[in-house]
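>>> My questions are about this predicted structure, shown below with the sequence.
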Amino acid sequence: MNTDRFALRHIGPRKADLAPMLEKIGVSSIDELVYETVPANIRLQQDLQLDPAMSEFEFLSHINKLGAKNKQFRSYIGLGYNQPITPAVIQRNILENPGWYTAYTPYQAEIAQGRLEALLNYQTMVTDLTGMELSNASLLDESTAAAEAMTLLFSVRERAQKKENIVKFFVDQDTLPQTKELLKTRAIPLGIELVEGNPKEMDMNAGYYGILLQYPGASGNVVDYTAFAKRCKEANIRIAVAADILSLVLLEAPGHWGADVVVGTTQRFGIPLGYGGPHAAFFATREEFKRQIPGRIIGVTKDTDGKRALRMALQTREQHIKRDKATSNICTAQVLLAVMAGMYGVYHGPRGLKFIANKLHAQTATLADAVEKLGIYQTNENYFDTLSFKVDADKVKAAALELEINFYYPDANTVQVSLNETTSLEDLNDIVSAFAKAVNKDFSPITNVEKKTTKHLGNGRQTDFMTYEVFNSYHSETELMRYIKKLERKDLALNHSMIALGSCTMKLNAAAEMLPLSNPQWGNIHPFVPLDQAQGYQEMLKKLELQLNECTGFAGTSLQPNSGAQGEFAGLMAIRAYHISRGDEHRNICLIPSSAHGTNPASAVMAGMKVVVTKALENGNIDVDDLREKAIQYKDNLSALMVTYPSTHGVYESAIKEITGIIHEYGGQVYMDGANMNAQVGLTNPGNIGADVCHLNLHKTFAIPHGGGGPGVGPICVAPQLVPFLPTNPIISTGGDQAITPISAAPFGSALACLISYGYICMLGADGVKRSTEYAIVNANYIKERLKGSFECLYTGEKGRAAHEMIIDCRPFKENGIEVVDIAKRLMDYGFHAPTVSFPVNGTMMIEPTESESKEEMDRFCDAMISIREEIKLCKEDEPNNLLKNAPHTLQMITSDDWDLPYTRKQAAYPLDYVSDNKFWPTVRRADDAYGDRNLMCTCAPMEEYLD
């Protein structure tokens, strides 16, 4: 075995496994299987042109040399990004731990109780600090969270406001610049009119439905909005606040002075800067908006035995159900980062956070006094950690750069300084020396930081926060380490067994790909540093863009979107801009097949398009005749088609080129959902099938881990005509020469996570990525054939083959009283996470093994499924007391003195011999979703507090 070949580590089946697998499938070679699976008219005629594959050692050496090109300046730029201290216990036990970063979205609550508890802690921390009643489990970044606040308040306008067409939204002029621009991106397609100005001068009678306030402002200025908020309420204007979460330790919580929504980022709670992400944004609001809140909410309920259990609440809000009626296309979170931020709160507790905030504020006050002694005017009357000085910015900048320091320079006569958790006394003196040199004055070094002071806050906090036990118990490293491990043991992740989720591609997240994320050369770079300080990042990101261009057959890439849903929106906005540039503003019809991902129609509506659904045939393929009919019907206004390829049903549709040709014939552009790119790379590509833009789920095909439901990266790749419209950023210019306004806050989105996909492609090379696709197809078809006779595949290609995933039909088991969810829960007893349940067809399972799973692991999974099928045969509709209906079985059940079930404990807990060798115990029985939604509890407060 060639130990230098990363592909041999990434791809699961061994050489000796291939022959029996192909025999089971009924082909003589991989080439024969690919021939029978992928239509010949879309196959690539030459190999991808990628650099030769690196070994793991070569890649790590390469990435360290590249990282050394990033200059480690001290950055006091602020603007929503502040260097934190990541506690080593959190870095080692969460960020670097596959038990946390390889877990999937907690749809199967019974085997995700640890992650759910960590997210509940996060939600509790956010609701306490913001003074709100309800928080979600995180969003993507502060600016997109602010946009979600704007659209939520738009959707909940009172009937009279809607009738009077009240569409104006006021934006505080002291809002972060990237947020201002992103609000434009989201407002224009929906017909929201933005008005920017000074809130003090706002005309309350000018017809506003809402306002966004920055607290503290981008300049650092803190305003007491108590009286202003009261006036807004009287004028029926709802208030959104973008807040600095650490400042809320000392400043009065917005929820206490009248806010309706509070958003921001938890990045400074222990999350590396990472040149812009990934970071967990927070979104908190009033309980009256619980049905409109975007993203996911973790709630408390009870299990079958009445024991406390956690699960995702209000799941009917998911876009897969609401589709074009959804108020947001967000279907994800930044779970791994939210877990880290929440654990930062647990580790430090309220007293630790007060210490950090007080120290930081005292340092800021000390710095203000020292610089003002130089005769430099500081403009903020009140502040938390950011000062704004009136001085010649060029002179300060020159002096600061000599000291390897970055400030923010909003104009020629203003310098802003934002301190952070890492700031030391030595740093303060270096900062003062830069100002002193600029004005050619001597200064007396600071020897002591002011003691605790609140005189510059202006609106100090009067209420306690984070009083619950969890925030006051784990302040030693030993205790936190054990608490993290306790939660980890409750979660089934990829480090335990295969997670065969169709459409979600839970493949290996190799350690060599992940290691650079812990390197401060990559982690400590502010997203708004000058480009010459981020040359390592620039080289890596540009190379990744070229790699993705090659994999997709397109001409340009934007890495800015930081989720798949954001990628969808970005792609559609690029199409929209393209049509407008040609004078075709009227083109607003988006055709979407009925089988599409639910985020597709939600994204189209967000982009200002009208959704027209096209039919699917009984075999799951797009009804080409219906598509052509609708393209002709709407030819004058056709904007785009959104299509997933291979289809959501796990099939390579042979008519795909005919489909894209029809859209082009009638003036539209083709958007391809890249969710299933794991079945394309190296064999075909979006450009080859006739698409014009696609988004890529780097957290699926290109190995970024799911992290329990996030982080994600969703870049868009585009054909030449759309390159000019790729998105920009107001501080660091990106995109094309006719760039649309930003999609995400940071210029390059979640840049740190891009290192993973870069490593994946570098170490696999052209042959490796192609072999990965081929083995994804081999593995899926092997499982299909092994399950034949027990579970039938609902859709296949023209030669009876699956793509990289398949849908098995579980609806016939209803006659035994068994639903697909019962199979999902019973799989837990066998040590497996269920495949995707009831998507895209109700009552089915979508199975995707990926290329990384071994034959041995797939055989275990198939043995489990076949064993469950035999159990189903013994079930009767009128006798629900059976193995599947009672699943999952907990350790508490199995060890109880009472056992009155009509099967043995061994049948319940150890149904096959392999289970006893590596048993995973669900910690709760089946969660009661209905009870939890009727009694919505979304913090770690005792249930009695909700039920009184």
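Everything's here; your move.
>>> export the helix or strand where M150 lies as CSV, just CAs?
Taking DSSP states H and E as the criterion, M150 maps to helix 142-155. The C-alpha coordinates for helix 142-155 follow below in CSV (Å, rounded to 0.1, in the frame of the first residue of the first chain):
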residue,chain,number,x,y,z
GLU,A,142,-24.2,39.4,12.3
SER,A,143,-25.1,41.1,9.1
THR,A,144,-27.2,38.3,7.7
ALA,A,145,-28.9,38.0,11.1
ALA,A,146,-29.7,41.8,10.9
ALA,A,147,-31.2,41.2,7.5
GLU,A,148,-33.3,38.3,8.9
ALA,A,149,-34.5,40.8,11.6
MET,A,150,-35.5,43.3,9.0
THR,A,151,-37.5,40.7,7.0
LEU,A,152,-39.1,39.2,10.1
LEU,A,153,-40.4,42.6,11.2
PHE,A,154,-41.6,43.1,7.6
SER,A,155,-43.5,39.8,7.7
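>>> packing partners for it?
strand 168-172, helix 177-190, strand 208-215, strand 238-243, strand 261-265, strand 281-285 (3 or more C-beta pairs under 8 Å, 6 or more residues apart in numbering; DSSP states H and E). Every residue, glycine included, has its C-beta placed from N, CA and C.
>>> Format the ones you listed as JSON lines; extra columns: distance to T684 and mean pLDDT.
Shown next, in JSON lines, are the helices and strands packed on helix 142-155 (distance: least, C-beta to C-beta, whole Å; pLDDT from 0 to 100):
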{"stretch": "strand 168-172", "distance to T684": "44", "mean pLDDT": "98"}
{"stretch": "helix 177-190", "distance to T684": "32", "mean pLDDT": "97"}
{"stretch": "strand 208-215", "distance to T684": "44", "mean pLDDT": "98"}
{"stretch": "strand 238-243", "distance to T684": "43", "mean pLDDT": "98"}
{"stretch": "strand 261-265", "distance to T684": "39", "mean pLDDT": "98"}
{"stretch": "strand 281-285", "distance to T684": "36", "mean pLDDT": "98"}
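>>> Could you identify the helix or strand that succeeds the helix holding M150?
helix 159-163.
>>> if we look at that following helix, which residues are touching it?
Y209, N236 (C-beta atoms under 8 Å, 6 or more residues apart in numbering).
>>> Check the average confidence over it, would you?
Mean pLDDT, computed over helix 159-163, is 96.
>>> Could I get the buried residue list for it?
Neighbour-count burial for helix 159-163 flags Q161 (criterion: 16 or more other C-beta atoms under 10 Å).
>>> What helix or strand is the spatially closest residue to N70 that is not a sequence neighbour located in?
Leaving aside its sequence neighbours, N70 sits nearest to G536 (C-beta to C-beta, 6 or more residues apart in numbering; 4.1 Å). G536 is part of helix 535-552 when elements are defined by DSSP H and E.
>>> which secondary structure elements does that helix contact?
helix 56-67, helix 520-523, strand 556-558, strand 693-696, strand 716-718, helix 751-787.
>>> Out of the helices and strands packed on helix 142-155, flag the one nearest T796.
With C-beta to C-beta, the closest approach to T796 among the helices and strands packed on helix 142-155 belongs to helix 177-190: 38.9 Å.
>>> Counting by contacts, list what the helix or strand that that closest one is followed by packs against.
Downstream of helix 177-190, the first helix or strand assigned by DSSP H and E is strand 193-197. Here strand 193-197 touches strand 168-172, helix 177-190, going by 3+ C-beta pairs under 8 Å, 6+ apart.
>>> before we move on, back to that, E148: which of the helices and strands packed on helix 142-155 is closest?
Across those, closest to E148 is strand 281-285 (C-beta to C-beta), at 6.4 Å.
>>> Just the mean pLDDT for the next helix or strand after the closest one, thanks.
Where DSSP H and E defines the elements, the next helix or strand beyond strand 281-285 is strand 297-302. Averaged across strand 297-302, pLDDT comes to 95.
>>> i'd like the first residue to be 26 from this point on
With the count now opening at 26, the last piece we talked about shows up as strand 322-327.
>>> Need the residues that contact strand 322-327.
Taking C-beta under 8 Å, 6+ apart as the rule, strand 322-327 contacts 131, 141, 144-145, 148, 159-162, 315, 333-339, 952-954, 956-958, 960-963, 968, 971.
>>> Filter these down to the ones in strands?
L159, S160, R333, A334, L335, R336, M337, A338 (DSSP state E).
>>> Now which of those residues would you call buried?
Buried among the ones in strands among the contacts of strand 322-327 (16+ other C-beta under 10 Å): L159, S160, A334, L335, R336, M337, A338.
>>> Reformat these as CSV; add pLDDT and distance to V743.
Converted to CSV, those look like this (pLDDT from 0 to 100; distance: C-beta to C-beta, whole Å):
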residue, pLDDT, distance to V743
L159, 96, 38
S160, 96, 36
A334, 96, 45
L335, 96, 41
R336, 95, 39
M337, 93, 34
A338, 90, 37
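>>> distance between stretch 954-968 and the chain's centre?
24 Å (C-alpha atoms, centre = their mean, to the nearest Å).
>>> Mind checking the pLDDT average for that stretch?
pLDDT averaged over stretch 954-968 gives 80.
>>> quick one on the thing from earlier: can the buried ones among the ones in strands among the contacts of strand 322-327 go into CSV with extra columns for distance to I323?
Output for those, formatted as CSV (distance: C-beta to C-beta, whole Å):
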residue, distance to I323
L159, 11
S160, 9
A334, 11
L335, 6
R336, 7
M337, 6
A338, 7
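>>> and which of those residues is nearest to W125?
L335 (16.2 Å).
>>> Would you quantify the distance from that closest one to D328?
Distance, L335 to D328, by C-beta to C-beta, to the nearest Å: 10 Å.
>>> So for these two, which residues contact both of them?
Shared contacts of L335 and D328, defined by C-beta under 8 Å, 6+ apart, are found at A952.
>>> out of the ones in strands among the contacts of strand 322-327, who's nearest C356?
C356 has its nearest neighbour among the ones in strands among the contacts of strand 322-327 in M337, at 11.3 Å by C-beta to C-beta.
>>> Report how many residues lie close to the residue nearest to the closest one when sequence neighbours are not counted.
The shortest distance from M337 to any non-neighbouring residue, by C-beta to C-beta, 6+ apart, is to R321 (5.4 Å). R321 is flanked by 26 other residues according to other C-beta atoms under 10 Å.
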